[in-house]
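[1] Below is the sequence, then the predicted model.
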Amino acid sequence: RRVLIIEDNLDVAQSLQEVLQLGAHTVEVAADGPAGLACARAFHPEVVLCDLGLPGMDGFEVARALRADPELRAVHAVALSGYALLDDVRRSLAAGFDEHLAKPVDLATLGRVLAEAPRGRP
């Protein structure tokens, strides 16, 4: 899979990147919302893993921007957050995310998300 990680915590981003690359995924990383959108436009990921608390623009804004972009609207967008109450999940889905995963991310769950995400370029 082509996976974009948008995460401002460098340790979390690098750990996710390494795990995904071990699984033979092609991975790009961006540290804030604007950089994430720019990377998505150039990289054309199949899956975006996006933190919600980002500098520049938060993850909710990133999700809305992905859905508004004709070339990116079909990307499988997954919110990553330390907040995983029902209201947090609802807010993520309303913003345009397809799924919401709580941090720390369970690797089996992440593997399932990647395996079940739609195939192909958005």
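    Nice, I can see it. Numbers count the residues shown, from 1 in each chain.
[2] List the contacts of stretch 49-66.
    With Cβ atoms under 8 Å, 6 or more residues apart in numbering as the test, stretch 49-66 has contacts from 3-9, 12, 16, 31-37, 40, 48, 72-73, 75, 77-81, 83, 91-92, 95-97, 101. Where C-beta positions appear, they are placed from N, C-alpha and C, glycine not excepted.
[3] so where do the strands sit in the protein?
    With DSSP state E, the ranges of strands along the chain come out as 2-6, 26-30, 47-51, 76-81, 99-102.
[4] any idea which of those is most buried?
    Of the strands of the chain, the one with the most neighbours on average (mean count of other Cβ atoms under 10 Å) is strand 47-51, at a mean of 27.
[5] Sheet-wise, list the partners of it with their directions.
    In the sheet, strand 47-51 lines up against strand 2-6 (parallel), strand 76-81 (parallel) (DSSP bridges).
[6] okay, those in TSV with mean pLDDT next?
    Below are those laid out as TSV (pLDDT from 0 to 100):
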stretch	mean pLDDT
strand 2-6	98
strand 76-81	96
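[7] In TSV, list these along with distance to Phe60.
    Below are these laid out as TSV (distance: least, Cβ to Cβ, whole Å):
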stretch	distance to Phe60
strand 2-6	12
strand 76-81	8
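[8] re the thing from before, so can I have CSV of the strands of the chain showing distance to Asp58?
    Converted to CSV, the strands of the chain look like this (distance: least, Cβ to Cβ, whole Å):
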stretch, distance to Asp58
strand 2-6, 10
strand 26-30, 14
strand 47-51, 9
strand 76-81, 10
strand 99-102, 14
